[in-house]
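> model the structure of this input:
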Amino acid sequence: MNFQKGKKIYFASDNHLGAPSSEASLPREKKFVAWLDHIKQDAAAIFLLGDLFDFWMEYRKVIPKGFTRTLGKLAEISDSGIPIFYFVGNHDLWMNGYFEEELNIPVYHKPQEFTFNNTRFFIGHGDGLGPGDKGYKRMKKVFTNPVCKWLFKRLIHPDFGMRLGHYLSVKNKMISGDDDAKFLGEENEWLVQYSKRKLEEKHHDYFVFGHRHLPLDIDLGNNARYINLGDWISHYTYGVFDGDNFELKEY
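Below you'll find the predicted structure:
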């Protein structure tokens, strides 16, 4: 993807809308929508790196109630011709066509490579990558198993299923994976280690992830950097690439 001078690529992650309740997250949602309004003026593309919602489950004819402002703004921006790319996180693993069909937003379930103006990016949410986190990795296999998903949708009424999913999303730290939002040192940051291993296989200029809820910009050597976008709960940080440089900013 090449874009004109003056245009920018924007990145954001981990809004967790709906947590701890719809009422409590409404001010954060309004702030995020205001940010989307702000950046659409010069955005060449927008990347949302997961956990936009604290819980998201798509039944065949049912999606979670609420988030009208966010979904409407994403539809407006997408309809205007600005591409939006979405990467599922550990709180919205169960996306199944709604974003693609209704918003024209492609959804990715694994990290992807992109090249912008000859600069290589490796982009993903970040959950379950790198060493450690074995409990969550086992649980993720259950959550993403087609049979388990089919049984959940067939046997549990959406009203109860949504309520149960939201409760577990907030309460179960093995599911949320975000209970340790402090810097652990490069040697203990799993996504840093993962990025370094990927760098040995193929060069990328930037490895951009969410999940950790910490704004981080770490030099990996070999002219490569690891970026963590932070969150829209405590930090309200986002990434912006202008074709030459990548910056973390606060809104």
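> wait, H109 sits on V88?
Yes. Contact criterion Cβ atoms under 8 Å: H109 and V88 qualify, at 5.4 Å. Placement of C-beta: from N, CA and C, glycine included.
> more neighbours: those two, which one.
V88 (24 against 13; other Cβ atoms under 10 Å).
> for the more buried one, give its distance to Y251.
Per Cβ to Cβ, to the nearest Å, V88 is found 23 Å from Y251.
> okay, now L36: neighbour count?
21.
> list the buried residues in stretch 70-82.
Neighbour counts over stretch 70-82 (16 or more other Cβ atoms under 10 Å) mark 70-71, 73-75, 77-78, 82 as buried.
> make JSON lines out of the residues you listed and add pLDDT and distance to L191.
JSON lines is the format used below for those (pLDDT from 0 to 100; distance: Cβ to Cβ, whole Å):
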{"residue": "T70", "pLDDT": "98", "distance to L191": "26"}
{"residue": "L71", "pLDDT": "97", "distance to L191": "29"}
{"residue": "K73", "pLDDT": "98", "distance to L191": "29"}
{"residue": "L74", "pLDDT": "98", "distance to L191": "26"}
{"residue": "A75", "pLDDT": "98", "distance to L191": "31"}
{"residue": "I77", "pLDDT": "98", "distance to L191": "28"}
{"residue": "S78", "pLDDT": "98", "distance to L191": "28"}
{"residue": "I82", "pLDDT": "98", "distance to L191": "28"}
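> need these in JSON lines with secondary structure and distance to F53, can you?
Listed next are those as JSON lines, based on DSSP: H, G, I helix; E, B strand; the rest coil; distance: Cβ to Cβ, whole Å:
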{"residue": "T70", "secondary structure": "helix", "distance to F53": "9"}
{"residue": "L71", "secondary structure": "helix", "distance to F53": "10"}
{"residue": "K73", "secondary structure": "helix", "distance to F53": "14"}
{"residue": "L74", "secondary structure": "helix", "distance to F53": "12"}
{"residue": "A75", "secondary structure": "helix", "distance to F53": "16"}
{"residue": "I77", "secondary structure": "helix", "distance to F53": "18"}
{"residue": "S78", "secondary structure": "helix", "distance to F53": "17"}
{"residue": "I82", "secondary structure": "coil", "distance to F53": "21"}
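> quick one: these as TSV, columns for distance to E102 too.
Below are those laid out as TSV (distance: Cβ to Cβ, whole Å):
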residue	distance to E102
T70	13
L71	8
K73	13
L74	10
A75	7
I77	14
S78	10
I82	16
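> quick one: residues contacting T119.
205-206, 241, 243 (Cβ atoms under 8 Å, 6 or more residues apart in numbering).
> what are the phi and psi angles of it?
Main-chain dihedrals, T119, degrees, to the nearest 10: phi -110, psi 130.
> one more: I63?
Torsion angles, degrees, to the nearest 10, at I63: phi -130, psi 170.
> how far away is it from Y206?
Counting by Cβ to Cβ - I63 and Y206 are separated by 32 Å.
> out of those two, which sits in the more crowded spot?
The neighbour count for I63 versus Y206, taken as other Cβ under 10 Å, is higher for Y206 (22 against 19).
> just grab the bridge partners of that one for me.
Beta-bridge pairing for Y206 (DSSP bridges): F121, R225.
> for the chain, just list every one of the helices.
Using DSSP state H, the helices found in the chain span residues 22-39, 68-79, 98, 134-144, 146-155, 158-171, 173-176, 190-201.
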